[in-house]
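# Take this sequence and fold it.
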Amino acid sequence: MTMLSVNLNKIALLRNSRGRDFPNVVEFANKMMALGVKGITVHPRQDERHITMQDAYDLGDLLSGNAEVEYNIEGYPSEDFMALVTKIKPTQCTLVPDSPDQLTSDHGWDLEKEGAFVKRICERLNAEGIRSALFMDPSPAQIKLVPASGAKRIELYTEEYAATYDAPEHEAVFQRYRESAQVAQSLGIDLNAGHDLDLTNLAKFLTIPDILEVSIGHVLTIECIEYGMKDVIRRYLAICDEAEMTT
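Numbers count the residues shown, from 1 in each chain. A predicted model of the protein is given here:
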């Protein structure tokens, strides 16, 4: 089965819009775990417009020693970010090539240009016992460069898959994701995926075998408002439970 990791950024964004600690991020992590979620993701940005550094530490305290729930911290590997991650020691750190003023993640790493930098970061994470993952576009040529970085996993950036879901070109786009996954797996790289996956499009994406983790936050939060959190999480977990795993 594929693991669902719930991204709590939008819970923090709602809290920050009111100036007090409601909704509380740790409380929502506990609610998600009580519903069977086995992964929690956060993406602390430099301006702390949603998840703050303190949130990341508080969730680290909550999840420390919890062998059943994985903690994934994602973001651009600035020195401040790396200091945070190496102190918390989450299960996984997903490196994302975001600029400080970027609204949201919108592209993967270009390892032809940034491979040496990424390799140094992965070496630091691996030495700390933190699983390193790279946010990557569905580009077989780029994915072939991942082993040299030392990263243990990639997270396929799935915005194009989601955006074209009802469009004529979708099958061609989907096949590019499938090919990229096959290339990664042939190189011994484990697979995660995320960005705009939802209750409508996730099941088809998970016909790609051996996706170990999907990270979902923005759409999941909206779906929880529309349908109710218990029902939404139940439906996501059912889709993930049915995912094709061949290993």
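
# Identify the residues contacting residue 93.
Residue 93 sits next to 72, 73, 74, 85, 125, 130, 131, 132, 133 when contact means Cβ atoms under 8 Å, 6 or more residues apart in numbering. To be clear about C-beta, it is placed using only N, CA and C from the backbone, and glycine gets the same treatment.

# where's the second one, which helix or strand?
It refers to residue 73. Assignment of secondary structure by DSSP states H and E places residue 73 within strand 70-75.

# on that earlier part again, of the contacts of residue 93, which is the nearest to residue 233?
In terms of Cβ to Cβ, no member of these lies closer to residue 233 than residue 72, at 17.1 Å.

# Surely that closest one and residue 39 touch.
Yes: at 6.2 Å, residue 72 counts as touching residue 39 under the criterion of Cβ atoms under 8 Å.

# For the contacts of residue 93, give me CSV that also has pLDDT and neighbour count.
CSV is the format used below for the contacts of residue 93 (pLDDT from 0 to 100; neighbours: other Cβ atoms under 10 Å):
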residue, pLDDT, neighbour count
72, 98, 24
73, 98, 24
74, 97, 27
85, 98, 25
125, 98, 24
130, 98, 21
131, 98, 17
132, 98, 23
133, 98, 27
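
# Let me know the closest of the residues you listed to residue 189.
For the contacts of residue 93, the nearest to residue 189 is residue 133 (9.5 Å; Cβ to Cβ).

# For residue 170, see how far away that closest one is.
According to Cβ to Cβ, to the nearest Å, residue 133 stands 26 Å off from residue 170.

# so where's the protein uncertain?
Applying pLDDT under 70 to the chain picks out residues 99-106, 246-247.

# Centre-most residue in it?
The centroid of the chain falls nearest to residue 215 when counting by Cα atoms, centre = their mean (4.0 Å).
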